[in-house]
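Chemist: Only the shape, not the letters, is given here:
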Ligand SMILES: C[S@@+](CC[C@H](N)C(=O)[O-])C[C@H]1O[C@@H](n2cnc3c(N)ncnc32)[C@H](O)[C@@H]1O
């Protein structure tokens, strides 16, 4: 192991612990009686539709229970078609949209419309590593390229746009998120919110829950 693991992506293999996915954490936080108050009719938005982990079904069922309107968004048309079947079986009013998440948030929602935002979109990898080819192929086909920098910027851009669209007290959850020594960055640079989470914290968002692999933040009440 090098003394600076940012220089050695293999360090990720033996340093990063993984406890759970963000959709599992959101389910744990919101499925049981809790202190979060979301007016019925607000939106529950998933960015990055199901690709085999079951997130879309879990979150759509949770949104149904919370009386929130669920939308899942993905830039990959094949995943959108599959996601549409999943969500419509739960509630015919729920939808799956094929779009770039940052554009969809900007164009679809008014200020304060979103109660819960789950960000599990543009894939990241340990610095220096490449995406497995089957996961990379849709990026090349639909976006022309893939890079960690694009992923960090995409999640930052989504967060900056979503800041206004989230209701006061609304939640934003990042998957694939790690911190080290209290920092959301440094060598754990695989993290999707490597740039977004520090920005949100600088905007007075409160960290509700962190476990290795994901984090939930809450927008200030006023
Ligand atoms: C990690 S997967 C989502 C996994 C899913 N939440 C699950 O648990 O099964 C990330 C997804 O984000 C999508 N994606 C990447 N960049 C995107 C963007 N700019 N807008 C919308 N979706 C994007 C990819 O197509 C991919 O399907």
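Modeler: On my side now, so go ahead. Keep in mind that this is a model prediction, so the values were computed, not measured. Numbers count the residues shown, from 1 in each chain.
Chemist: Now tell me what touches the helix or strand encompassing residue 106 from outside.
Modeler: According to DSSP states H and E, residue 106 maps onto helix 101-108. With Cβ atoms under 8 Å, 6 or more residues apart in numbering as the test, helix 101-108 has contacts from 45, 47-48, 71, 73, 75, 97, 114, 119, 121, 154, 157-158, 161-162, 165. No exception for glycine: its C-beta is placed from N, CA and C like everyone else's.
Chemist: what does stretch 144-155 give?
Modeler: Identification of contacts with stretch 144-155 by Cβ under 8 Å, 6+ apart yields 101-102, 119, 121-125, 127, 131, 136, 139-140, 143, 174, 189-190, 192-196.
Chemist: what's the answer for stretch 52-64, then?
Modeler: For stretch 52-64, the external contacting residues (Cβ under 8 Å, 6+ apart) are 21-24, 26-27, 30-31, 44, 46, 48-50, 69-70, 72, 83, 86-87, 90-91, 94, 96, 116, 118, 120.
Chemist: Keep those residues, but drop any that are not near the ligand.
Modeler: When Cβ under 6 Å from any ligand atom is applied, the members of these adjacent to the ligand are 21, 23, 48, 50, 120.
Chemist: if we can go back for a sec, mind checking if the helix holding residue 106 is in reach of the ligand?
Modeler: Yes. For a cut-off given as Cβ under 6 Å from any ligand atom, helix 101-108 has contacts with the ligand, namely residue 101.
Chemist: before we move on, the earlier item: which members of the ones next to the ligand among the contacts of stretch 52-64 occur in helices, if any?
Modeler: Those of these mapping onto helices are residue 23, per DSSP state H.
Chemist: Quick one: the ones next to the ligand among the contacts of stretch 52-64 as CSV, columns for neighbour count and pLDDT too.
Modeler: Formatted as CSV, those follow (neighbours: other Cβ atoms under 10 Å; pLDDT from 0 to 100):
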residue, neighbour count, pLDDT
21, 21, 96
23, 24, 98
48, 26, 98
50, 23, 98
120, 27, 98
